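**Student:** What follows is a predicted structure for the sequence shown.
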Amino acid sequence: MKHLTTFILALAISAAAFARQSEKLDSILFIFPQFEQGIVTFDDGSRSAGPINIYLVDQSVRVLSDDGEFLLVNGNESIMKVNAGGRIFYRGREGMIEILAYADDAFLGLIRSTTMIDNAKKGAYGTVSTTASIDNYSYGDNGPYGNLYHSIADLPENYLYKEYPCLYRRGAQIAASKKGFIKCFPEDKVFIENYLKEHPVNFGRLDEVREFFLLLKERH
């Protein structure tokens with residue numbers, strides 16, 4: 001229960017700051033342009049409410065202190081779900097997943113992340129490694145692993161913003177792929193295999209993945 005006590009104290013001192021916040025936050029670094037009233041649900045089922053935001057650099061949930069500091073919620077690794085700003089997020093193995101649609105117990109989600117690109121390289125399924133240099137990236141690319149943006153006008157210097165779709169089912173993040181869709185919709189295995197033969201889906205593009213997900217939802 002230690003994380004609850006720390007979080008409640010943080011919420012108490014952040015109430016005044018939440019009421020008077022005026023400057024919008026950088027949308028490349030935070031999910032919300034301002035701290036939003038929300039509810040955090042922990043793995044043990046306990047919940048806490050207050051003004052919160054999600055910091056995309058480390059995928060942590062933050063609260064706003066009365067001094068204007070972004071306080072890290074103690075026990076971030078135990079956060080299972082965030083409801084804030086009318087949006088729902090679940091923690092996946094690669095970060096906070098925003099839920100965009102659902103069908104039975106399967107969910108379509110979107111992961112957003114921001115990384116300092118000096119030490120980053122592209123990995124499988126859109127993951128980021130810090131073992132190589134900036135030369136491994138292509139910018140403005142809408143490739144198989146999602147959208148990568150690099151523009152001086154849009155990004156803080158030396159940062160890379162990335163977003164890509166994924167699936168979520170029964171507490172687990174699942175890659176948006178043929179295998180992933182079959183795992184989420186096992187009864188539609190034959191339909192999925194036949195459909196994708198005739199209508200290939202770029203699983204890095206949210207619009208194509210969403211269309212395919214909604215098609216499967218109509219079958220349920």
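**Tutor:** Received, thanks.
**Student:** now the strands for this structure?
**Tutor:** Assigned by DSSP state E, the strands in the chain fall at 36-42, 47-55, 60-64, 70-72, 79-84, 87-92, 95-103, 106-116, 121-122, 128-129, 142-143, 146-149, 159-169, 172-175.
**Student:** Columns distance to residue 217 and mean neighbour count on top of those strands, output as TSV?
**Tutor:** Heads up, the C-betas are built off the backbone N, CA and C, glycines and all. Conversion of the strands of the chain to TSV gives the following (distance: least, C-beta to C-beta, whole Å; neighbours: other C-beta atoms under 10 Å):
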stretch	distance to residue 217	mean neighbour count
strand 36-42	25	19
strand 47-55	26	21
strand 60-64	29	23
strand 70-72	37	16
strand 79-84	21	20
strand 87-92	17	20
strand 95-103	4	18
strand 106-116	8	21
strand 121-122	31	18
strand 128-129	31	16
strand 142-143	25	13
strand 146-149	22	20
strand 159-169	12	22
strand 172-175	16	17
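**Student:** so which of those comes closest to residue 216?
**Tutor:** strand 95-103 (6.3 Å; C-beta to C-beta).
**Student:** what helices or strands is that closest one leaning on?
**Tutor:** Strand 95-103 is packed against strand 87-92, strand 106-116, strand 159-169, helix 206-217, with contacts defined by 3 or more C-beta pairs under 8 Å, 6 or more residues apart in numbering; DSSP states H and E.
**Student:** Would you mind giving the ones you listed as JSON lines with distance to residue 78 added?
**Tutor:** Converted to JSON lines, these look like this (distance: least, C-beta to C-beta, whole Å):
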{"stretch": "strand 87-92", "distance to residue 78": "9"}
{"stretch": "strand 106-116", "distance to residue 78": "19"}
{"stretch": "strand 159-169", "distance to residue 78": "18"}
{"stretch": "helix 206-217", "distance to residue 78": "29"}
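**Student:** Quick check: residue 71 touching residue 65?
**Tutor:** Yes - using C-beta atoms under 8 Å as the test, residue 71 is close enough to residue 65 to be in contact (5.2 Å).
**Student:** domains of this protein?
**Tutor:** 2-85, 93-220 (automatic domain parsing).
**Student:** Would you mind measuring the gap between the ends of the longest one?
**Tutor:** Domain 93-220 stretches 28 Å from its first residue to its last (C-alpha to C-alpha, to the nearest Å).
**Student:** State the mean pLDDT of it.
**Tutor:** Per-region confidence: domain 93-220 scores 78 on mean pLDDT.
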